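Chemist: Below: sequence and its predicted model.
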Amino acid sequence: MGNKLNLLYIKTDYMAGKIAIVGAGASGKDYLRKRFMDRDFTYGVSCTTRPPRPSEVHGEDYYFLTDEEFDAGIESESFVEWQSFKDWRYGLMKPEFEKCDVMILNAEAVNLLDKEYRDRLFVIYLAIPEETRRHRLNVRDDKDDTIERRIKVDEEQFGNFSNFDCIITNENF
């Protein structure tokens, strides 16, 4: 990954209190998150009902919840946002939002945020070219998903996405 960023534009002239990283699969979200964490930013860990991948750690990558635990969080209104994706649910709990500096969200999550939460976020959208993302997805070799399905879903989700404050388009990011 290169050190130089091509910023297409920044839509706002202020810096909100928290940073949300948004982008399609293999756009560099985890890379950017780790760069922030290397600079002592606190990462907001999301919850999911999907099973962990071999390299993932509960409480670091995600909080892996049962369907019943996730349902209880919805019932108690503990989530800032939540949604379903590929038969699993994902969401960020309010206490995690409050304690973190940086988080990874998808386009739907940003659009679901109540104004009180969205106003506190500076959203960085990683709009990396499809060819670059295809290459990365191929290298990743996800046994639970196909590249074509992922590209199609990402096109649907990000096709008209405009709820961001900054966009990065550098294919070497």
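Modeler: Nice, I can see it. Residues are numbered from 1 along each chain as shown.
Chemist: Could you find the closest non-adjacent residue to A107?
Modeler: Nearest residue to A107, sequence neighbours excluded (C-beta to C-beta, 6 or more residues apart in numbering): F161, at 4.4 Å. Any C-beta I mention is one placed from the backbone N, CA and C, and that applies to glycine too.
Chemist: can you tell me which residues contact K86?
Modeler: Residues near K86 by C-beta atoms under 8 Å, 6 or more residues apart in numbering: R50, D145, V153.
Chemist: part of a helix, is the first one?
Modeler: No - the assignment for R50, made by DSSP: H, G, I helix; E, B strand; the rest coil, is coil rather than a helix.
Chemist: how far away is it from V80?
Modeler: R50 sits 19 Å away from V80, going by C-beta to C-beta, to the nearest Å.
Chemist: Low-confidence bits of this structure, can you list those?
Modeler: 1-16, 144 (pLDDT under 70).
Chemist: Please enumerate the helices of it.
Modeler: Counting by DSSP state H, one finds helices in the chain at the ranges 29-38, 67-75, 94-99, 107-112, 115-118, 130-140, 147-158.
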